[in-house]
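Asks: this is a predicted model, with the sequence first.
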Amino acid sequence: MVYNYCTKRDRIEAIMVEKHMIAKYESLIMGTFLFKNTDASIMRKMLAQNGARVENYEAGAMIYDPAKYEKCLGIILEGGAKVTKARGGHGVLAISMLHKGDMFGAATLFNALGKYFTQITATGRCRALILSESLLRDAFKEEFKLTENYIEYLSGRIYFLNRKIESFTGVSVTAKLRGFIMDRADERGQVTLEMPLTTLAQTLGVGRASLYRALDEMIENGEIERDGKRIILKDI
């Protein structure tokens, strides 16, 4: 966290506040992919170093956009955010929603690209933990389990994107439904159907009975779970 204090006493108080923040969100942070199966002391050590800070955003504030971003990994601690992408003068495409515990920014790390491809906007008051690329690089050198977790996450995203490409090129009802769900799933692989299945069938250009069979097939194959209007991807 960045502080602009002038006195030694103020700086000591700032450190105490930061330790309080770590304790407050420790369980949430340890539940992310990055710290899976690691000791909490590793996380505490990282967050006590330069390159780790907490940012607060008001509703509607831009967290990331293609012109303004930094190479870092973010964790939503409070509130939420939406991920969108401009469609070249044809409006904005909703990509996903970020909730407490979700992470963002992985695509900015460890590459030479000078551009971020989506916008992240706070949907209400939002608080996020920010971990800089330099901090992560040093942590990965010191703790291989963090590196392994990060590679595992990226491998999972590659698999997810391959399935998404498959759904774009597929012509079956199941492929169309899979593509629809993947397009709208949030970071946790969850999507809430805001339309009746009859309307969804019309949107996909398929029969209602075929849509029901495709849903049943995906459930039986373990690809998804369905809880009323909520669908959960199981292999994200």
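Replies: Yes, it's here.
Asks: which residues touch stretch 115-126?
Replies: Applying Cβ atoms under 8 Å, 6 or more residues apart in numbering, the contact partners of stretch 115-126 are 56-66, 69, 76, 78-86, 92, 95, 97-98, 104, 107-108. All C-beta atoms are positioned from the backbone trio N, CA, C, and that covers glycine.
Asks: if you set the cut-off to 7 Å instead, what comes out?
Replies: Identification of contacts with stretch 115-126 by Cβ atoms under 7 Å, 6 or more residues apart in numbering yields 57-66, 69, 76, 78-85, 95, 104, 108.
Asks: from those residues, list just the buried residues.
Replies: Using 16 or more other Cβ atoms under 10 Å as the burial test, the contacts of stretch 115-126 include 57, 63-64, 69, 76, 78-84, 95, 104, 108 as buried.
Asks: buried ones in the helix or strand hosting N56?
Replies: For N56, the element it lies in under DSSP states H and E is strand 52-57. Buried residues in strand 52-57, defined by neighbour count with 16+ other Cβ under 10 Å: 52-54, 57.
Asks: paired strands for it, with orientation please.
Replies: Applying DSSP bridges to the sheet, strand 52-57 is found paired with strand 126-132 (antiparallel).
Asks: before we move on, the earlier item: after the strand holding N56, which helix or strand is next?
Replies: Next helix or strand after strand 52-57 toward the C-terminus (DSSP H and E): strand 62-64.
Asks: the following helix or strand past that next one vs strand 126-132, what angle?
Replies: Once the chain leaves strand 62-64, the next helix or strand it forms, by DSSP H and E, is strand 72-78. If you take axes from the mean of the first three to the mean of the last three Cα atoms, to 10 degrees, strand 72-78 sits at 160 degrees to strand 126-132.
Asks: how far is strand 72-78 from where the chain is centred?
Replies: Distance, stretch centre to chain centre, for strand 72-78: 9 Å (Cα atoms, centre = their mean, to the nearest Å).
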